[in-house]
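J.: Need coordinates for the below:
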Amino acid sequence: MFHATLDSSKTWKQIIDALATLLTEAHFIVSETGLSLRQLDSSKAAMVDLTLPAGVFQEYKCDGEYDVCLGIDELAKVSKRMAADDKLEFNLDETEKRFEIKMLGQADRQFKLQLLTPPDDRTKKPSLAFDVKAEMFADAFKQAVKDVGVVSSHIRITADGKSLTFTGEGDTGEAQVALKANEESSLFELNAKSKSNSMYALNYLAEISKAITSDSIVIQFSTNKPLHMEFAIAEGGRISFILAPRVERR
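T.: Sure, this is the predicted structure:
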């Protein structure tokens, strides 16, 4: 048995929009402690990791652990039908293999989505250590991605003890965005064990940027290693994206 309610339809829309940046199916693990999801995208170049503790919901009851696999397109279509003031109710119908979403507002509406067959194996969390950790305003990160995207399809991130720099180059020119670690900067924390730089596909970062709804974001990386981006979602929830590097061949 699984039952939960959520007062904010905006929160649920943000979650689905974030997942839709990389996935075509959402494989939720529903347990007594909350909802979680950890999946690779179809190219296996990126991973999304979502944690929604039970405390995010106003009501939460779950008597075991369930695999709830749903199509992202269907979830997105239902989410678009939610009004801003709707209260949401979620139920799992094990007999009919349906996931129920109720919208309680000026009218009571209900959608029942068919459960898909979950994957045989669950994605494991990679064991990663990073040389750089930076916390910055999310808008600064988004603007850096857009700026570099004017001239390049890839973005290089470089960090030392004093600054974090985003650069890119292409046939039409070059772009650079440098953030200094000081009180007046959009970069308000920077820890670098050593000077590091790595390149990533900009199309992925552009999509991920659209999913960032919090005021700040924490990014971590090392030279030629994956980029880890994490931000808060809902009150107490977290979502992170891990993106494989583009290693240049010499």
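J.: mind giving me the domain ranges of this structure?
T.: Here the domain parsing of the chain from automatic domain parsing is 2-35+53-114, 132-243.
J.: any chance of those in TSV, with mean pLDDT too?
T.: As requested, the domains of the chain are exported to TSV (pLDDT from 0 to 100):
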stretch	mean pLDDT
domain 2-35+53-114	95
domain 132-243	94
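J.: right, so of those domains, which gets closest to Asp41?
T.: Set against Asp41 and scored by Cβ to Cβ, those come closest in domain 2-35+53-114, at 4.2 Å. Heads up, the C-betas are built off the backbone N, CA and C, glycines and all.
J.: Endpoints of that closest one, how far apart?
T.: One end of domain 2-35+53-114 to the other measures 16 Å (Cα to Cα, to the nearest Å).
J.: coming back round to it: will you turn the domains of the chain into JSON lines that also has distance to Arg122 and mean neighbour count?
T.: Formatted as JSON lines, the domains of the chain follow (distance: least, Cβ to Cβ, whole Å; neighbours: other Cβ atoms under 10 Å):
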{"stretch": "domain 2-35+53-114", "distance to Arg122": "7", "mean neighbour count": "16"}
{"stretch": "domain 132-243", "distance to Arg122": "16", "mean neighbour count": "18"}
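J.: Adding distance to Ala45, write the ones you listed out as JSON lines.
T.: Formatted as JSON lines, the domains of the chain follow (distance: least, Cβ to Cβ, whole Å):
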{"stretch": "domain 2-35+53-114", "distance to Ala45": "9"}
{"stretch": "domain 132-243", "distance to Ala45": "7"}
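J.: Which of those sits closest to Asp120?
T.: Ranking these by proximity to Asp120 (Cβ to Cβ) places domain 2-35+53-114 first, at 10.6 Å.
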